[in-house]
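In: okay, sequence plus prediction incoming.
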Amino acid sequence: VLGGKSSSGDSANTTGSGGSSGGAVAEGQYTVDEALQLQKALKTAFAEDSFQKLLRRAEASYPKRGQRGHADQVAFTTQLQGLLLHVYRTVLPRKPWLLQGGWEGYKEMMLKMSTASEDPRVIQGKEEINRILGLPRHTTIRPPNEEPVFVETPDGSGNVTAALSSAPMLTDADGDCAHEFWEEDRAGQLVIVAPRAGA
């Protein structure tokens, strides 16, 4: 999950001792100590009972997730990415990291850790995170191609914007209830519409 090796193998940006606290670090890169602190915060979040219960539930729902090409593998990966997304949204924006929440922040984090990722302590931290997540030791998690439009949150941790939570529910002619109704216009754009009344 963290500290995967750079595919380029280029060490031109590194001086000193691989980004450790005793050597110089390229601009925009985490020192080894900073990388270890971020890994520690993520390990703590992944080890929380609430996260582990949801992870165990996902594992039980997809018992054949380890079989290459099985439908359980894709479904479990999607579920795991949703669980990870919640942690990344919570941990990454915190001080001192101040990264974006979610997968964009994860990508930023991976870029900032590319120098420190060669340090044995950071590699060990990555392996410890994989163990907490029940993944093979050398797994590197890849972000989904796009942020999902919505993510299932069985623990009820999903966000509801204040504007929507205070808005009245509307009912259309079919009996559907929602805060907003959207339709595709002739140009193919989604637009908010008033619910149609019954005939």
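Out: Arrived safely, thanks for sending.

In: and the end-to-end length of stretch 65-74?
Out: 8 Å (C-alpha to C-alpha, to the nearest Å).

In: give the rounded mean pLDDT of it.
Out: Averaged across stretch 65-74, the pLDDT comes to 89.

In: over to stretch 181-199?
Out: 77.

In: what of stretch 113-132?
Out: Mean pLDDT, stretch 113-132: 95.

In: name the residues of it that are buried.
Out: Buried residues in stretch 113-132, counted by 16 or more other C-beta atoms under 10 Å: 113-119, 122-123, 125-130, 132. From N, CA and C alone the C-beta is placed, and that goes for glycine too.

In: show me which pair in those is furthest apart.
Out: For the buried residues of stretch 113-132, the farthest-apart pair by C-beta to C-beta is Thr115 and Ile132; their separation is 24.2 Å.

In: coming back round to it: please narrow the buried residues of stretch 113-132 to those residing in helices.
Out: Applying DSSP state H to those, the entries found in helices are 122-123, 125-130, 132.

In: tell me the phi and psi of Thr78?
Out: Here is the backbone geometry of Thr78 (degrees, to the nearest 10): phi -60, psi -40.

In: can I get the ones in helices among the buried residues of stretch 113-132 in TSV with distance to Met169?
Out: Shown next, in TSV, are these (distance: C-beta to C-beta, whole Å):
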residue	distance to Met169
Val122	49
Ile123	51
Gly125	47
Lys126	46
Glu127	48
Glu128	46
Ile129	42
Asn130	44
Ile132	40
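
In: pick out whichever of those sits closest to Val74.
Out: Nearest to Val74 among these, with distances taken as C-beta to C-beta, is Asn130, at 19.5 Å.

In: Pro143 versus that closest one, what's the distance?
Out: Distance, Asn130 to Pro143, using C-beta to C-beta, to the nearest Å: 16 Å.

In: now do Tyr106
Out: Using C-beta to C-beta, Tyr106 is found at 6 Å from Pro143.

In: which one's more surrounded, those two?
Out: Using other C-beta atoms under 10 Å, the more surrounded residue of Tyr106 and Pro143 is Tyr106, with 24 against 17.

In: list the residues that contact the more buried one.
Out: Residues near Tyr106 by C-beta atoms under 8 Å, 6 or more residues apart in numbering: 84, 88, 92, 143.

In: put the alpha carbons of stretch 123-142 into CSV.
Out: C-alpha atoms of stretch 123-142 as CSV (Å, rounded to 0.1, in the frame of the first residue of the first chain):
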residue,chain,number,x,y,z
ILE,A,123,9.3,-1.1,3.3
GLN,A,124,8.6,-2.8,6.6
GLY,A,125,5.8,-0.3,7.3
LYS,A,126,4.2,-1.1,4.0
GLU,A,127,4.3,-4.8,4.8
GLU,A,128,2.8,-4.2,8.2
ILE,A,129,-0.1,-2.3,6.6
ASN,A,130,-0.7,-5.1,4.1
ARG,A,131,-0.8,-7.6,7.0
ILE,A,132,-3.4,-5.4,8.8
LEU,A,133,-5.4,-5.4,5.6
GLY,A,134,-5.1,-9.2,5.2
LEU,A,135,-3.2,-8.8,1.9
PRO,A,136,0.0,-10.5,0.7
ARG,A,137,3.2,-8.8,2.0
HIS,A,138,4.3,-7.2,-1.3
THR,A,139,0.9,-6.0,-2.5
THR,A,140,0.8,-2.5,-3.9
ILE,A,141,-2.7,-1.1,-3.9
ARG,A,142,-3.6,0.8,-7.1
